[in-house]
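Colleague: test case, fold it:
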Amino acid sequence: MLWRSTAALPFIAILLWASPGSAGLLDAAWTAPTTNTDGSTLTSLVSYRVYYGTSATPCPGPTFLTVASSTSSPASNDTATARLTGLVTGTPYFVAVTAVDSGGNESACSAVASAIARADYAAIVSAVLPGSRSVQVGVPAVGFVSIINSGTIAATACRISPATSVSAAFVYQTTDPATNQVIGTPNTPADIAPGGSQSYVFAFTPTTAIAPTEVALSFDCTNASPAPSKVGVNTLHLSASTTPIPDAVALAATSTNDGILNLAKNGIFAVTVANLGARGRIVASADTGSAALPVSIALCETDPNTGQCANPAAPSTSPVVTMLDANAATTFGIFVTGFGTVPFDPATNRIFVRFKDADGITRGSTSVAVKTK
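Modeller: Numbering: from 1, shown residues only. Presented below is the predicted three-dimensional model:
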């Protein structure tokens with residue numbers, strides 16, 4: 001049975017730097033079909049054919065790229081992507097997509113989209129963990145960074161530096177991603193292969209007290225634009241005190257272990273807080289940051305042995321007050337209910353969990369991306 005192709009082709013063609021004679025490329029993305037032509041649910045999707053060429057009507061045609069489907073039954077708003085390579089830089093190309101089922105049936109061609117092939121490029125994004133540190137003056141506030149090169153050539157001499165001025169000494173160093181052990185030498189840039197990543201450790205050592213500050217970091221490579229800065233994703237909420245304070249290092253875990261909460265109707269993720277500072281009273285809360293999302297959020301402190309709510313006995317939409325002991329871990333459950341569609345936009349659509357002291361100062365924070373299935 002043929003099904004209706006709902007594929008639309010918005011193109012992303014990024015030029016970061018041009019290299020004469022480079023092979024051109026285009027990146028395409030489209031919405032996956034979800035129903036057959038008779039309106040029944042699609043359950044037998046196998047692949048897509050991405051037809052392309054310099055003709056305004058590439059589909060059907062002799063030149064296409066076969067892209068395997070990640071699922072036989074796509075969910076609403078699922079997307080698929082393809083990269084077309086070996087094109088002529090500067091030349092307009094036309095692209096259309098069809099879908100193929102397990103019986104070999106092919107759908108009608110989608111609407112045609114066009115774009116100009118661009119040169120190979122390097123493009124980087126970054127993430128920082130944890131999202132917050134609160135230390136005493138003279139004690140390093142340590143964090144970890146991952147820089148990903150989503151481009152088609154190596155990103156060269158990739159380095160980290162503070163973009164926000166604070167009274168602290170700064171150092172970074174590459175690490176082995178398997179062990180988090182430092183490798184190389186301090187403050188030495190690294191090359192990142194196309195499609196690859198590099199992990200780093202960094203530290204701010206405050207020389208004076210620092211009021212709570214959202215510290216932006218600059219992630220730069222010699223042949224790529226700096227990684228976009230996004231609060232809560234690749235920034236560090238930093239504070240420093242002359243007296244002992246809680247330092248709630250918070251890490252979140254989703255069921256898929258990818259930092260993404262997939263909502264059908266309800267979803268849950270866990271947060272573990274290791275207090276590396278002084279014992280203190282902490283208020284835990286959760287929110288969606290600057291994004292207005294159709295979700296409600298409840299939380300509770302959990303029994304680390306059973307995972308069941310202990311404080312309070314059932315998830316609450318109100319903040320949770322608890323004591324964080326020094327050098328001890330405390331666990332929390334975050335319960336999310338969706339009331340509408342949340343598009344996959346991991347830089348913006350996120351759920352933040354914050355841990356504040358009695359003065360309302362953030363002593364720890366973490367976040368996960370959220371989307372509807």
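Colleague: do you know how far the closest residue to residue 81 other than its chain neighbours is from residue 175?
Modeller: Leaving aside its chain neighbours, residue 81 sits nearest to residue 29 (4.7 Å; criterion: C-beta to C-beta, 6 or more residues apart in numbering). Backbone N, C-alpha and C define where each C-beta goes, glycine included. Look at residue 29 and residue 175: by C-beta to C-beta, to the nearest Å, they are 32 Å apart.
Colleague: out of those two, which sits in the more crowded spot?
Modeller: residue 175 (19 against 14; other C-beta atoms under 10 Å).
Colleague: quick check: buried residues in stretch 171-191?
Modeller: 172-175, 189-191 (16 or more other C-beta atoms under 10 Å).
Colleague: looking at those residues, spot the one nearest residue 242.
Modeller: Among these, residue 172 lies closest to residue 242 (C-beta to C-beta), at 25.7 Å.
Colleague: and the host helix or strand of that closest one, what does it pack against?
Modeller: Using DSSP states H and E, residue 172 falls within strand 168-175. Counting contacts by 3 or more C-beta pairs under 8 Å, 6 or more residues apart in numbering; DSSP states H and E, strand 168-175 packs against strand 141-149, strand 155-162, strand 197-206.
Colleague: now mean pLDDT, distance to residue 369 and mean neighbour count too, for those strands, in a markdown table please.
Modeller: Putting those into a markdown table (pLDDT from 0 to 100; distance: least, C-beta to C-beta, whole Å; neighbours: other C-beta atoms under 10 Å) gives the following:
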| stretch | mean pLDDT | distance to residue 369 | mean neighbour count |
| --- | --- | --- | --- |
| strand 141-149 | 97 | 15 | 20 |
| strand 155-162 | 97 | 22 | 19 |
| strand 197-206 | 98 | 17 | 20 |
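Colleague: nearest to residue 334, of these?
Modeller: Residue 334 sits nearest to strand 141-149 of all the helices and strands packed on strand 168-175, at 21.9 Å, using C-beta to C-beta.
Colleague: quickly list the domain ranges of this protein.
Modeller: By the assignment in automatic domain parsing, the chain contains the domains 11-116, 124-241, 248-372.
Colleague: looking at those domains, which has the lowest confidence?
Modeller: Ranked by mean pLDDT, the domains of the chain end with domain 11-116 at the bottom, a mean of 83.
Colleague: and it, how far from the chain's centre?
Modeller: Relative to its chain's centre, domain 11-116 lies at 24 Å (C-alpha atoms, centre = their mean, to the nearest Å).
Colleague: over to stretch 176-194?
Modeller: That offset, for stretch 176-194, works out to 20 Å (C-alpha atoms, centre = their mean).
Colleague: picking that back up, just put the buried residues of stretch 171-191 in JSON lines and tack on distance to residue 44.
Modeller: Formatted as JSON lines, the buried residues of stretch 171-191 follow (distance: C-beta to C-beta, whole Å):
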{"residue": "172", "distance to residue 44": "50"}
{"residue": "173", "distance to residue 44": "50"}
{"residue": "174", "distance to residue 44": "46"}
{"residue": "175", "distance to residue 44": "45"}
{"residue": "189", "distance to residue 44": "49"}
{"residue": "190", "distance to residue 44": "45"}
{"residue": "191", "distance to residue 44": "44"}
